[in-house]
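Chemist: based on what follows, work out the 3D shape:
(2 chains)
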Amino acid sequence: MLASFVIVKIVLCVVVFAISLGIAAYSTLWERKFAAFLQDRIGPNRAGPGGIFQPLADGGKLFFKEEIIPDVSNKFLFILGPSLFMITALMTGVVIPWGKDFIWNGQKIAIQITDINVGILYLLGVVSVGVYGIMIGGWASNNKYSLLGALRASSQMISYEISMGLLIIALIISAGGTLSLKEIVERQDAGLANIVYQPLGFLLFFVCALAETNRAPFDLPETESELVGGYHTEYSSMKLGLYLFAEYINMFISSAVMSALYFGGYNFPFASEVYAALGLQEGSLAISLIGASVYFIKIIIFINVFMWIRWTLPRFRFDQLMNLGWKYLMPLSLLNLIITVVVEYFRGNINF
Amino acid sequence: MLTLTNRKKIVSNKEQSFSEKIYLPAVLKGMSITISHLFRKKATIQYPEEERPRSPVYRGRHVLKRDENGAERCTACGLCALACPAEAITMVAAERKPGEEHLYREEKYAKVYEINMLRCIFCGLCEDACPKEAIFLTDRLVDAEFWRDDFIYGKDKLVEPIEKDKRIDISKRQTAAVLEFKKIPGLRHNVLYDKKKIDK
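Modeler: The predicted model follows:
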């Protein structure tokens, strides 16, 4: 029993790790392709058919580049920065429920590495630790541009985390008071997706997610036009690769979180009717796999929207970014929270 | 007031309206513009496979012509090197030995003839200067190379093949107007050319 449990979890860890890295690698290619398409170009198409080996070529190139550690930097912290950023990016995938439970040899197996009952809090916590990756890296570089980039990154992420937290509180209230991602997703199976109850919440959450992942139009930490490269100015070789790669993993995970919180994760409209029509029994592997693929379709749509926005909007100015975060997003998320509380009170879901 | 284009816009510092302040309408408008480009025809020309059409009088990689018998026309007079504003051309002259008449048209020929394709600005002045109709610019391109040395083209790359069917066609470049221009008396090389004809 214990052995099988351990084996299942190890397999899941490896699969989630591989999928996160694979999706991140191929989002780099797709980002370039998508940008090219939006600009009437073709994009990378030389490495393999349609350019599908481009991520491998890019990664190989990064490995073979000279690794430079500045003399005056703090070597330990300089290496810790990108490692921490990458580790936290990968750790967020742990609590995400990828599919419905299925039954195998009479045992119930969850397609989720662990279902902790404070899943969302865990996510927020890990994401906040991720800020340290940027901050430490930027500080240890001993370079003014890096430091400015790191400062910007940390102040931006902290500011937007506040509205993100408020939005999550509102979501939890309307989703029935559970912090477990699995339960939030399961509850959307029976009822409507949370987007119906929290439209404003979703919009604001999306903006926060953009800022949290340092994606355009909130990519101020790396503004190449003013800060050279921002926090990763001094980084080269695979350490730079880790920073860039972790950003794509963050994008993947935040897409996953958004589709789990607001769009029902692996559920889809008329799911039980479809399963019945296909003659699948409750708890079969096929149902889990179909659910997981639906989930991945949602995630990929979100990733595309992220890219679409990046190649459309120019970057914010830093004061505009702070104004938006503190003067618009935070009051609006508070308003959203108040409306949610009042509505839920009158629906009788909460009482004081 | 007269404007050069009809795209003039008066700039004003008015307060932003509510719809401008919340950014969303403008964001959605921008996104609809970018997505409309997704399925448009791509402007890229994939170079080695596709080539942009070039004018028939395009000034590309040079060729050193042979005459109808297959002898090299160049007599190593150095006028092309003199005319070259980029100083890309160098040559070493040699005397033709008896029995080499089928190889070299004149008594003197270029033993070494080099053009540095990185210096060349493809202005075509060498072509204008040539009294022997020996050097021409063609519509071929200079290939990409990994080493700078490989851009110094010697006679092996410049002289056209001796086989009749492999000759480089420069008739498009040598238009009637060009031929007419080359006959203008008073141009130094024409004077020399004409004198030589008279001597014969």
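Chemist: next, A:Gly325: secondary structure please.
Modeler: Using DSSP: H, G, I helix; E, B strand; the rest coil, the secondary structure recorded for A:Gly325 is helix.
Chemist: give the closest residue to it in space, chain neighbours not counted.
Modeler: A:Ser159 (4.1 Å; CB to CB, 6 or more residues apart in numbering or on different chains). For the C-beta atoms, the positions are set from N, CA and C on the backbone; glycine is no exception.
Chemist: just the pLDDT at B:Arg188, thanks.
Modeler: On the pLDDT scale, B:Arg188 is placed at 51.
Chemist: now for chain A, the helix or strand with the poorest mean pLDDT.
Modeler: helix A:224-227 (a mean of 73; mean pLDDT, DSSP states H and E).
Chemist: so which elements touch that one?
Modeler: Applying 3 or more CB pairs under 8 Å, 6 or more residues apart in numbering or on different chains; DSSP states H and E, one finds that helix A:224-227 contacts helix A:144-174.
Chemist: ok so, going back, how close does the residue nearest to A:Gly325 get to A:Thr233?
Modeler: 23 Å (CB to CB, to the nearest Å).
Chemist: check A:Val129 too.
Modeler: 23 Å.
Chemist: more neighbours: which of these two?
Modeler: Higher neighbour count among A:Val129 and A:Thr233: A:Thr233, with 22 against 13, using other CB atoms under 10 Å in any protein chain shown.
Chemist: got the contact list for the more buried one?
Modeler: Each residue near A:Thr233 by CB atoms under 8 Å, 6 or more residues apart in numbering or on different chains is listed here: A:Ser141, A:Asn143, A:Tyr145, A:Ser146, A:Gly149, A:Leu227.
Chemist: A:Gly264 against A:Glu186, yeah?
Modeler: No. A:Gly264 is beyond contact range of A:Glu186, at 9.6 Å (criterion: CB atoms under 8 Å).
Chemist: now the strands for the chain?
Modeler: With no chain named, the answer covers chain A. With DSSP state E as the criterion, chain A has strands at A:99-104, A:107-111.
Chemist: should've been chain B
Modeler: Counting by DSSP E, chain B has strands at residues B:62-64, B:89-95, B:108-116, B:135-137, B:152-153.
Chemist: any idea of the angle the third one forms with strand B:89-95?
Modeler: What separates the directions of strand B:108-116 and strand B:89-95 is an angle of 160 degrees, with axes from the mean of the first three to the mean of the last three CA atoms, to 10 degrees.
Chemist: partner strands of strand B:108-116, with direction?
Modeler: If you go by DSSP bridges, strand B:108-116 pairs up with strand B:89-95 (antiparallel), strand B:152-153 (antiparallel).
Chemist: quick one: the least confident helix or strand of chain A to chain centroid distance?
Modeler: 25 Å (CA atoms, centre = their mean, to the nearest Å).
Chemist: restricting to C-alpha, output that helix in PDB.
Modeler: Only the C-alpha atoms of helix A:224-227 are listed here, as PDB (Å, rounded to 0.1, in the frame of the first residue of the first chain):
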ATOM      1  CA  GLU A 224      16.000  46.300 -21.900                       C
ATOM      2  CA  SER A 225      15.700  49.900 -23.100                       C
ATOM      3  CA  GLU A 226      16.400  51.500 -19.800                       C
ATOM      4  CA  LEU A 227      17.900  48.900 -17.500                       C
END
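Chemist: what residues of that helix count as buried?
Modeler: Applying a neighbour-count criterion of 16 or more other CB atoms under 10 Å in any protein chain shown, one finds A:Leu227 buried in helix A:224-227.
Chemist: now what about it, what contacts it?
Modeler: By CB under 8 Å, 6+ apart, the surrounding residues in contact with helix A:224-227 are A:Tyr145, A:Leu148, A:Gly149, A:Arg152, A:Pro221, A:Gly230, A:Thr233.
Chemist: would you mind measuring from the residue nearest the centre of chain A to A:Arg215?
Modeler: In chain A, the centroid-proximal residue (CA atoms, centre = their mean) is A:Ser254; its distance is 2.0 Å. Distance from A:Ser254 to A:Arg215, counting by CB to CB: 9 Å.
Chemist: got the confidence number for the residue nearest to A:Gly325?
Modeler: Turning to A:Ser159, the model gives it a pLDDT of 86.
Chemist: look at it and say how many residues are nearby.
Modeler: Look at A:Ser159: counted by other CB under 10 Å, it has 19 neighbours.
Chemist: next one: B:Leu4
Modeler: 6.
Chemist: residues in contact with the residue nearest to the centre of chain A?
Modeler: Contact analysis of A:Ser254 by CB under 8 Å, 6+ apart lists A:Ala209, A:Glu212, A:Thr213.
Chemist: of the residues you listed, closest to B:Cys120?
Modeler: Nearest to B:Cys120 among the contacts of A:Ser254, counting by CB to CB, is A:Thr213 at 49.7 Å.
Chemist: which phi and psi does that closest one have?
Modeler: Phi and psi for A:Thr213, reported as degrees, to the nearest 10, are phi -90, psi 10.
Chemist: I figured the residue nearest to A:Gly325 was touching A:Asn323, is that so?
Modeler: No. Between A:Ser159 and A:Asn323 there is no contact under CB under 8 Å: 10.4 Å.
Chemist: pLDDT averaged over stretch A:255-265 - what is it?
Modeler: 87.
Chemist: no no, stretch A:3-12
Modeler: 84.
Chemist: go on, stretch A:18-26?
Modeler: Averaged across stretch A:18-26, pLDDT comes to 89.
Chemist: stretch A:166-184 too?
Modeler: 84.
Chemist: and that stretch, C-alpha only, in PDB?
Modeler: Provided in PDB are the C-alpha atoms of stretch A:166-184 (Å, rounded to 0.1, in the frame of the first residue of the first chain):
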ATOM      1  CA  LEU A 166      -8.100  40.000  -1.900                       C
ATOM      2  CA  LEU A 167      -9.400  38.500  -5.100                       C
ATOM      3  CA  ILE A 168      -8.700  35.000  -3.800                       C
ATOM      4  CA  ILE A 169     -10.600  35.800  -0.600                       C
ATOM      5  CA  ALA A 170     -13.600  36.800  -2.600                       C
ATOM      6  CA  LEU A 171     -13.300  33.700  -4.800                       C
ATOM      7  CA  ILE A 172     -13.100  31.500  -1.800                       C
ATOM      8  CA  ILE A 173     -16.200  33.000  -0.200                       C
ATOM      9  CA  SER A 174     -18.300  32.500  -3.300                       C
ATOM     10  CA  ALA A 175     -16.800  29.100  -4.000                       C
ATOM     11  CA  GLY A 176     -17.900  27.700  -0.600                       C
ATOM     12  CA  GLY A 177     -15.100  28.500   1.800                       C
ATOM     13  CA  THR A 178     -12.500  25.900   0.900                       C
ATOM     14  CA  LEU A 179      -8.800  26.600   0.300                       C
ATOM     15  CA  SER A 180      -8.100  23.300  -1.400                       C
ATOM     16  CA  LEU A 181      -7.700  23.700  -5.100                       C
ATOM     17  CA  LYS A 182      -9.100  20.200  -5.700                       C
ATOM     18  CA  GLU A 183     -12.300  21.000  -3.800                       C
ATOM     19  CA  ILE A 184     -12.700  24.300  -5.600                       C
END
